[in-house]
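Peer 1: with the sequence up front, the predicted model follows.
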Amino acid sequence: MPQFSPCLTLRHVRYAVGSARSPQGLKEILRGVDLTARSGEVTVLLGPNGAGKTTTLSCAQGLLHPSQGTVALLGEDPFRADAKLRARVGVMLQDGGMPQSVQPRALLHHVAALHQNPWPVEDLVERLGMGDFLRTSIRRLSGGQRQRVALAASLLGRPEVVFLDEPTAGLDPQSRQTVFALIGELREMGMGIVLTTHLLEEAQKLADSVFILKDGEVVRHGSVAELTGAGSAGTGSTDGAARRMVFTAARTLTRAEIASAPVSIELDGGTDNAPGATWTTSRLTGPAQLRELAAWWELIDMMPVEVRMEARTLEDVFWEVSAA
Ligand SMILES: Nc1ncnc2c1ncn2[C@@H]1O[C@H](COP(=O)(O)OP(=O)(O)OP(=O)(O)O)[C@@H](O)[C@H]1O
């Protein structure tokens, strides 16, 4: 399997429901999505509820036909795809898609039997720690257990591309780590992994490439380093050098002093405005702002105890995009 070649491309994909003639009118859910995912990489779709992530995945998988634009999944139009293409693609069904009265063991063996060269069921059972609930009907499983069954089922055919819609939703921290490790292995194997998540820390750790959607459009994309300013800027992002500065104040700051800061400053989570409090600055885009901050410290006659520059996190970028 060639590594890092595109396994999925969406070009100017629009998807609308309703009609201009109906009372509700035409509702545009995707408004020109461009996205590329590569084999041997984890591509993460982020965005607030209703941004269009699941609709994008549905178009990518060929479950929905775009109103405009093109989709190529492993080089083919997934909407017209035959069984051959389907066998090369794994889709993690949300629990509604699994037969509720069946036991995971029977389901996994059944799905494995549909594939020519299936991943050994026992191996996935062991890796995903499913041994304890293999003979419990899916209806009776906890949310996290169902998630693991659905993930295993999506991988049984050793797909070249796998779509995972919130694969770690409802998992406890230990199971989440297990799933992370497995996703890392899938990447090493050269699989293309396309996933959605609301867990930004998880996205930051896993993603080779991130697409942030808002109102049916990709508003930022790039590697984590590109998006957070730890590397060169990604397309659509002009803030490649942005950083955050954190400083520890020697004393309590007055309201007037806080208001007079040259960039907005906020108390770091959990600290009080007292000597030793940690303050974080908003996005700094150049050294001139450091000079302004130093001038402000001079003005308010406060020498910070500690000053630190930090790369911004994906969470910082996400909130910035959401607020825009
Ligand atoms: N068939 C439909 N008819 C009307 N509206 C729809 C339809 N399908 C999706 N939508 C709307 O389109 C928007 C995008 O939905 P989508 O499920 O793709 O978002 P999402 O980013 O996956 O959200 P979440 O994070 O909540 O899963 C939502 O506002 C949703 O209500």
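Peer 2: That came in fine, so what should we check first?
Peer 1: tell me who's in contact with residue 81.
Peer 2: 62, 73 (Cβ atoms under 8 Å, 6 or more residues apart in numbering). Quick note: C-beta positions are derived from backbone N, CA and C, even for glycine.
Peer 1: now do the phi/psi pair for the most centrally placed residue in the chain.
Peer 2: Central residue of the chain (Cα atoms, centre = their mean): residue 44, 3.6 Å from the mean position. Backbone torsions for residue 44, taken as degrees, to the nearest 10, come to phi -110, psi 130.
Peer 1: just list whatever residues bridge to it.
Peer 2: Taking DSSP bridges as the rule, residue 44 bridges to residue 195, residue 210.
Peer 1: residue contacts, it?
Peer 2: Residue 44 is in contact with 195-197, 203, 206-207, 209-211, counting by Cβ under 8 Å, 6+ apart.
Peer 1: go back to these and keep what's next to the ligand.
Peer 2: Residues of these in contact with the ligand (Cβ under 6 Å from any ligand atom): none.
Peer 1: just the helices in the protein please.
Peer 2: 53-61, 83-87, 104-113, 121-127, 143-155, 173-188, 200-206, 224-228, 255-259, 287-299, 314-323 (DSSP state H).
Peer 1: including mean pLDDT and mean neighbour count, could the ones you listed go into TSV?
Peer 2: Shown next, in TSV, are the helices of the chain (pLDDT from 0 to 100; neighbours: other Cβ atoms under 10 Å):
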stretch	mean pLDDT	mean neighbour count
helix 53-61	95	23
helix 83-87	87	13
helix 104-113	94	17
helix 121-127	93	16
helix 143-155	91	22
helix 173-188	90	15
helix 200-206	89	18
helix 224-228	87	23
helix 255-259	96	12
helix 287-299	95	14
helix 314-323	84	17
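Peer 1: near the ligand, which residues of the protein are found?
Peer 2: Counting by Cβ under 6 Å from any ligand atom, the chain comes close to the ligand at 17, 27, 29, 47, 49-55.
Peer 1: pull out the buried residues from those.
Peer 2: Buried by 16 or more other Cβ atoms under 10 Å: 29, 47, 51-55, out of these.
Peer 1: residue 243: which of those is nearest?
Peer 2: When those are ranked by distance to residue 243 (Cβ to Cβ), residue 47 comes first, at 24.4 Å.
Peer 1: leaving out sequence neighbours, find the closest residue to the closest one.
Peer 2: residue 213 (3.6 Å; Cβ to Cβ, 6 or more residues apart in numbering).
Peer 1: also residue 125?
Peer 2: Leaving aside its chain neighbours, residue 125 sits nearest to residue 131 (5.9 Å; criterion: Cβ to Cβ, 6+ apart).
Peer 1: scan the contacts of residue 44 and report the most crowded one.
Peer 2: Among the contacts of residue 44, the one with the most neighbours (other Cβ atoms under 10 Å) is residue 211, at 28 neighbours.
Peer 1: touching, it and residue 52? I think so.
Peer 2: No. With contact defined as Cβ atoms under 8 Å, residue 211 does not count as touching residue 52 (10.5 Å).
Peer 1: show me the domain layout of this structure.
Peer 2: Annotated domains of the chain cover 1-88+159-222, 96-155, 244-323 [automatic domain parsing].
Peer 1: to residue 228, which of those lies closest?
Peer 2: Taking Cβ to Cβ, domain 244-323 is the member of the domains of the chain nearest to residue 228, at 4.5 Å.
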